[in-house]
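Novice: Need a 3D model of the following:
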Amino acid sequence: MSEPILMVPGMMSDARVFGPQIEDLSRDYAIHLARVTKAESIREMAAEAIHHAPARFALVGHSMGGIVAMEILRRVPERVTRIALISTTPLAETPEQAAWREPQIVKALAGNLFDALRGALPPDSLAPGPGRARVLEIVDAMAADIGAQEFIRQSRALQRRPDAQKTLRMARAPALVLCGGLDKLTPPRRHEFMAELIPYAELAVIEEAGHLPTLETPVKVILALRAWMDLPMVLR
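Specialist: Model (predicted):
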């Protein structure tokens, strides 16, 4: 029996960000979704996910969820059978990045959630074309359900996120590092760097996708995840 898959959604996201992948992969794997709301830090998000996770699991994280996934890997590496990191970064926030978030937080505090969201996820971080509007509709729907207070909590958590480079260097599990070639938030070169850090990593760049390849190019992400799940385990 294949191991279950724990999926960790990104900032202001829920199961819908993995909707096509959950629909496909759930035919063959038990899918669990980590809750990343109501926590004040990346460490709290990881602790909550670990508490509710299966004994051993494959781990998938998108964007902020990838940062949480790396913290899960740091804490319980013996429980993580494999890891997939999508549109994310192992680096701590720089002072410049933290300052970039402040106007977004101010907008959210003033009740302008969707203006804040467009600052955090500019439309040009997604691939151009008719699919962009459809993806942004899903993004907005998730944000509306999650709410402005959570946007503020998650922004603060990202400002204080830990550096995960050492964790990735010590990883002893099959790893997939995946990104969109048009992603301006976490560009391909960041993922090339991540893949070089991880001893057993495969890099996949989907050239026609941006920051949300799970929704922009869902079939290609499904194929990549299925190939990753088929990789042999690493002896530890």
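Novice: Give me the distance between the closest residue in space to P4 that isn't next to it in sequence and I5.
Specialist: In this structure, P4 finds its nearest non-sequential neighbour in A30, 3.9 Å apart by Cβ to Cβ, 6 or more residues apart in numbering. From N, CA and C alone the C-beta is placed, and that goes for glycine too. Per Cβ to Cβ, to the nearest Å, A30 is found 7 Å from I5.
Novice: For these two, work out which one has more neighbours and name it.
Specialist: Remark: of A30 and I5, I5 carries more neighbours, 26 against 14, as counted by other Cβ atoms under 10 Å.
Novice: Wait, that one touches L33, no?
Specialist: No - if you go by Cβ atoms under 8 Å, I5 and L33 don't touch, sitting 9.6 Å apart.
Novice: What mean pLDDT does stretch 192-201 get?
Specialist: The average pLDDT within stretch 192-201 is 96.
Novice: Show the end-to-end separation of it, please.
Specialist: Stretch 192-201 has its terminal residues 10 Å apart, counting by Cα to Cα, to the nearest Å.
Novice: which residues are in contact with that stretch?
Specialist: With Cβ atoms under 8 Å, 6 or more residues apart in numbering as the test, stretch 192-201 has contacts from 85, 88-90, 165, 168-169, 171-177, 202-203, 234.
Novice: Show me which of those are buried.
Specialist: Buried residues within the contacts of stretch 192-201, defined by neighbour count using 16 or more other Cβ atoms under 10 Å: 85, 88-90, 168, 171-177, 202-203.
Novice: starting at the chain centroid, how far to stretch 183-195?
Specialist: Relative to its chain's centre, stretch 183-195 lies at 13 Å (Cα atoms, centre = their mean, to the nearest Å).
Novice: coming back round to it: let's have the buried ones among the contacts of stretch 192-201 in JSON lines, adding distance to P130.
Specialist: Listed next are the buried ones among the contacts of stretch 192-201 as JSON lines, based on distance: Cβ to Cβ, whole Å:
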{"residue": "L85", "distance to P130": "28"}
{"residue": "T88", "distance to P130": "26"}
{"residue": "T89", "distance to P130": "29"}
{"residue": "P90", "distance to P130": "33"}
{"residue": "L168", "distance to P130": "36"}
{"residue": "A171", "distance to P130": "38"}
{"residue": "R172", "distance to P130": "43"}
{"residue": "A173", "distance to P130": "38"}
{"residue": "P174", "distance to P130": "35"}
{"residue": "A175", "distance to P130": "33"}
{"residue": "L176", "distance to P130": "28"}
{"residue": "V177", "distance to P130": "28"}
{"residue": "E202", "distance to P130": "31"}
{"residue": "L203", "distance to P130": "28"}
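Novice: Could you single out the nearest of these to Q149?
Specialist: Taking Cβ to Cβ as the measure, Q149 sits nearest to T88 out of those, at 23.6 Å.
Novice: Assign that closest one to helix, strand or coil.
Specialist: coil (DSSP: H, G, I helix; E, B strand; the rest coil).
Novice: Could you verify my assumption that it touches G61?
Specialist: Yes - counting by Cβ under 8 Å, T88 does reach G61; the two are 6.4 Å apart.
Novice: so what's in contact with the two at the same time?
Specialist: Common neighbours of T88 and G61 (Cβ under 8 Å, 6+ apart) are 10, 67, 69-70.
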